[in-house]
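S.K.: need coordinates for the following:
(2 chains)
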Amino acid sequence: MKSLLATLALTTALTLPGLAMARPVTLTTTLSSYGGDGAYLALYVTDPSGAYAGSLWMAGGKSKYYEHLTDWYRATGGDTAQVDGITGASVGAGRTLEITLDLADALFDAGYTLHIDAAVEDMRDSPNEVAVPLTTAGAGTPVTGRRYVASFAYDM
Amino acid sequence: MRKTLALLVASTALTATLGFAAWSATRGPADAGPLPVAAMSQDGTPALPLILISDDDEDDEDDDRKGSWWGYDDDDDDDECDDDDDDGGCRGGARNPAPAGSKLPPQNGLFGTGAPPQVQVN
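M.R.: Below you'll find the predicted structure:
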């Protein structure tokens, strides 16, 4: 009986923290009226050393155009498995893309950076269009992109 | 004498028939213009009809976007890479990724095990 209780206590102690290890985070990307066609966007994360850690979302479903998301493409080799299940349509000029993802708490306040690469047909590719550190203090603070993104913010 | 006459008549009739057929073939339909010279063989008898091989470019539909790196909307299905399944078959071996909702997000340590991604475009 005692050993059973000890086992139950141990498993509970191991399991309970896991329930609080992730939370819903909303990423809101508003494109400027750049006067072109729908933009492809790659949202991905780098770790504190700057190395690619993983992708969060891909806006644009045709992999043959991913080479125009140059930083993402260089980091992943264009591996589409990196964005399986997290791919949607490209985003039109002036439109707002709102994505809610269940993200690990460990990403925040730990030196991770969220990047957005952007590309538009017949217009200049824009790698690292947005780069924001993931911190609880930075939640809700909009930033402006280099070329196509009018504002980007994440809310927790 | 009669036999000779009969032979002459028969040969004349045969020649006339063949000649008329040849002449008709060279004329073509009444409303058609003159046939290309190549439609005639060197001895004037009709050659086999020519078949124009189309130089139809499979990208004809995006003539207005030639030189750009994509010719279709994201929803267009003419792209040979635009398969709904994961079997690939695209140039260079790269397949299109699975769309959101059709598969779990990648196990890259960034995602929790909670709700699947939700997306909205305004």
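
S.K.: contacts only, for whatever residue of chain A ends up closest to chain B.
M.R.: Closest approach between chain A and chain B, counting by CB to the nearest CB: A:Ala22, at 2.2 Å. Every residue, glycine included, has its C-beta placed from N, CA and C. Applying CB atoms under 8 Å, 6 or more residues apart in numbering or on different chains to A:Ala22 gives the contacts A:102-105, B:111-114.

S.K.: now the residues you listed: which count as buried?
M.R.: Buried by 16 or more other CB atoms under 10 Å in any protein chain shown: A:102-104, B:111-112, out of the contacts of A:Ala22.

S.K.: which of the contacts of A:Ala22 fall in strands?
M.R.: A:102-104 (DSSP state E).

S.K.: filter those residues down to the ones near chain B?
M.R.: A:102-104 (CB under 8 Å from any CB of the partner chain).

S.K.: how about CSV for those, with pLDDT added?
M.R.: Below are those laid out as CSV (pLDDT from 0 to 100):
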residue, pLDDT
A:Asp102, 94
A:Leu103, 95
A:Ala104, 95
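
S.K.: which one of the residues you listed is nearest to A:Leu4?
M.R.: A:Ala104 (32.2 Å; CB to CB).

S.K.: so in terms of bridging, what pairs with the closest one?
M.R.: A:Ala22 (DSSP bridges).

S.K.: do I have it right that A:His115 meets A:Thr70?
M.R.: No: with contacts counted by CB atoms under 8 Å, A:His115 stays clear of A:Thr70, the gap being 11.5 Å.

S.K.: and the two? which has more neighbours close in?
M.R.: A:His115 (21 against 16; other CB atoms under 10 Å in any protein chain shown).

S.K.: tell me the SS of the more buried one?
M.R.: strand (DSSP: H, G, I helix; E, B strand; the rest coil).

S.K.: which non-adjacent residue is nearest it?
M.R.: A:Ala131 (5.1 Å; CB to CB, 6 or more residues apart in numbering or on different chains).

S.K.: and that neighbour, what element?
M.R.: strand A:126-133 (DSSP states H and E).

S.K.: ok, and what's touching that strand?
M.R.: With CB under 8 Å, 6+ apart as the criterion, strand A:126-133 contacts A:29, A:41, A:69-72, A:111-119, A:138, A:143, A:145-149, A:152, A:154.

S.K.: try stretch A:139-156
M.R.: By CB under 8 Å, 6+ apart, stretch A:139-156 touches A:23-32, A:34, A:39, A:93, A:108, A:114, A:116, A:118, A:120, A:124, A:126, A:128-130, A:132, A:134, A:136, A:138.

S.K.: let me see the mean pLDDT of it.
M.R.: What stretch A:139-156 shows for mean pLDDT is 97.

S.K.: would you mark the buried spots in it?
M.R.: A:145, A:148-150, A:152-154.

S.K.: for the residues you listed, which one is nearest B:Leu7?
M.R.: A:Tyr148 (92.0 Å).

S.K.: emit the PyMOL select command for whichever of the contacts of stretch A:139-156 are buried.
M.R.: Those of the contacts of stretch A:139-156 that count as buried under 16+ other CB under 10 Å are selected in PyMOL with:
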select buried, chain A and resi 25+26+27+28+29+30+31+34+39+93+108+114+116+118+120+126+129+130+132+134+138
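
S.K.: which residues sit in contact with the residue nearest to the spatial centre of chain A?
M.R.: With distances taken as CA atoms, centre = their mean, A:Leu56 lies nearest the centre of chain A, 3.5 Å away. A:Leu56 makes contacts with A:27, A:43-45, A:86, A:99, A:101, A:103, A:114, B:110, as judged by CB under 8 Å, 6+ apart.

S.K.: state the distance from it to A:Thr135.
M.R.: 16 Å (CB to CB, to the nearest Å).

S.K.: for B:Ser11, same thing?
M.R.: Applying CB to CB to B:Ser11 and A:Thr135 gives a distance of 107 Å.

S.K.: the two: which is more packed in?
M.R.: Using other CB under 10 Å, the more surrounded residue of B:Ser11 and A:Thr135 is A:Thr135, with 15 against 10.

S.K.: quick one: the more buried one and A:Phe108 touch, right?
M.R.: Yes: between A:Thr135 and A:Phe108 there is a contact under CB under 8 Å: 6.0 Å.

S.K.: how about the residue of chain B found nearest chain A, what does it touch?
M.R.: Residue nearest to chain A within chain B (CB to the nearest CB): B:Gly112, separated by 2.2 Å. Applying CB under 8 Å, 6+ apart to B:Gly112 gives the contacts A:21-23, A:102-104.

S.K.: alright, I will stop here.
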